[in-house]
Structure formats: C-alpha cells, structure tokens
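1. Provide a 3D model corresponding to the input given below.
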Amino acid sequence: MSNDLIIDMKEEDKKVIVQALQNGLERFNEHMGNTRTVTNMGYTGTKWDMINTECRDALPEKKYDVVVCKRGVWQLILMYDKDTKTLYTLMKEKRYEEVCKTVKSNKVHYLEAIATVNKGLVEERQEQIAFFEGFNELKVEKMQNTVEQLLNNIDGEVKKHVLITFTDKSLELCSISALIVTPSLQILCKEDWTEYIEPKYSLDVSTIDIYSEDEEIELGLKVTKENIDNMRIKRNREKRNRN
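-> Sure thing, here's the model as predicted:
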C-alpha cells in the first residue's frame, strides 16, 4: 500500500482524539443530568457542540488548526494536521451509513465534496475505481464549489481527507474508526481505533503535575491511561487558551 493510502496520524494524537470524544459524550451526559427539561429539541446540536469543543481544545495548536464551518444550520469542525497536510472530520457511523444510501442523488453532502481531495489517492489503487461514479455534471460542479468553500477556511494545502466515524451507546463511546473514502464513499483505507477507548473511572488525579513533559513518570496504580490522556488534553487546552 502506498504511503499516501494510510492514516498517518501519530498514535499519541489518535489517543487524544478518542479521549476527547469520550470527554465530550461524558460532558453532555452530565449536562443532561443537571438540566431537566420536558423536551430535548436541541439534543443533537448540544451533544455535537460539546464533542467539537473537546476535540478543538484537546489537539495541540502547534500542530493542528481547528476551524468551524457552517453548512446551513449545521456546524462542523475541520481538524487540519499542518505537518501531513491531512484534513480530519467527525461523523457518527450511523450518519455515514445514511449518507452512503443517498450518494447518487442530486443533492451534495459536504462529505462527498470534501472527499474530492482524495482524487490523487485513487490512482494508487490497482483496482479501477470510477472517482465520480454515478454523478452527473451538475452534481460534480456542485461538489467542486462546496469543497472550495470548505477549504477556504484552511490555511495550507490539503493533500488528504480522513473521516473519523464512531458509535456510542448511552453516551459511552463504543467504537471508532478512521476512513479514507472517495466522493462516492467507497472506502480506500480503514483503520480501527477502538483499542484506544479507555474504561471510565472516578479517580482523583488533582495532585498530578499536568505540565510534566516526562511521559515515563511513575504515576502510581490509581492513575490510568485515560487520566494521562486527559492531562495531555488539559495541557493542550491551557496552551491554546494562553495564545
């Protein structure tokens, strides 16, 4: 497999993304418990607000640009790795499957459009995949206009797009994967990140020095990998807020 057809995010950053998703879901769960309402009309939007915020705050600003894009009433974040020129977006796995079912309609979903940056990667495959399979000229034009609008928010060249999909149950993260797809949503590469999901514990780590750069520090039996990842996230958030 070509080096271009891999998910080239560092393992440390994968763990940070997974932990940020867990934190966003947990934060929303706490919000729901503290806010009693008869209806929940803003349920989905508020849930994503917290997930997006946790991911933005978690990623180190020195390496990642995280920008907010509006798509009608919806807002999404684009996470841009400045080193690898790779753009990451988030989507629930169920929603991805729904978009796959409507991919041949004349409507353009932003995922179809943003995946056009992977055009050069398709040529690396031995299999002959029709890049714009099933699309008429009008839809291709709409896709090109949409991706231009999205990438105007990114300061730098985008060489690759990776979609991060996940599932959750009762607001606990169950699975997470990273995909490289074509605009027709055919999967070119898939990587499972579920192994990075850490079990939740109620542990007190308030005495740990979050500014320690020594990843080998002896933290004791009461501290889990989750706590270490959360300390990294907190450190990245505070650095981002100071700048």
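
2. ok, for Leu188, nearest residue in space, not its chain neighbours?
-> Ile180 (4.6 Å; CB to CB, 6 or more residues apart in numbering). Heads up, the C-betas are built off the backbone N, CA and C, glycines and all.

3. wouldn't Thr84 be in contact with Val158 here?
-> No. In this structure, Thr84 is not within contact of Val158 by CB atoms under 8 Å, at 10.3 Å.

4. who's more crowded, the two?
-> Val158 (18 against 15; other CB atoms under 10 Å).

5. sorry, back to before: that's a strand at the residue nearest to Leu188, yeah?
-> Yes. Under DSSP: H, G, I helix; E, B strand; the rest coil, Ile180 sits within a strand.

6. buried residues of stretch 93-108, list them for me.
-> Across stretch 93-108, burial judged by 16 or more other CB atoms under 10 Å covers Glu93, Tyr96, Cys100, Val103, Val108.

7. most centrally placed residue in the chain?
-> Leu90 (3.5 Å; CA atoms, centre = their mean).

8. any idea what it is bridged to?
-> Ile164 (DSSP bridges).

9. so what's it up against?
-> Leu90 sits next to Leu21, Ile51, Asn52, Cys55, Leu76, Ile77, Leu163, Ile164, Thr165, Phe166 when contact means CB atoms under 8 Å, 6 or more residues apart in numbering.

10. what about the longest helix in the protein?
-> helix 11-34 (DSSP state H).

11. circling back: separation between the residue nearest to the centre of the chain and Leu179?
-> 12 Å (CB to CB, to the nearest Å).

12. what's the answer for Leu25, then?
-> In terms of CB to CB, Leu25 sits 20 Å off from Leu179.

13. try Asn152
-> Distance of Asn152 to Leu179, computed by CB to CB: 24 Å.

14. the two: which is more packed in?
-> Neighbours were counted for Asn152 and for Leu179 using other CB under 10 Å; Leu179 has more, 20 against 10.

15. that one against Lys160, yeah?
-> No. Contact criterion CB under 8 Å: Leu179 and Lys160 do not qualify, at 11.6 Å.

16. element containing Glu191, please.
-> Assessed by DSSP states H and E, Glu191 sits inside strand 187-192.
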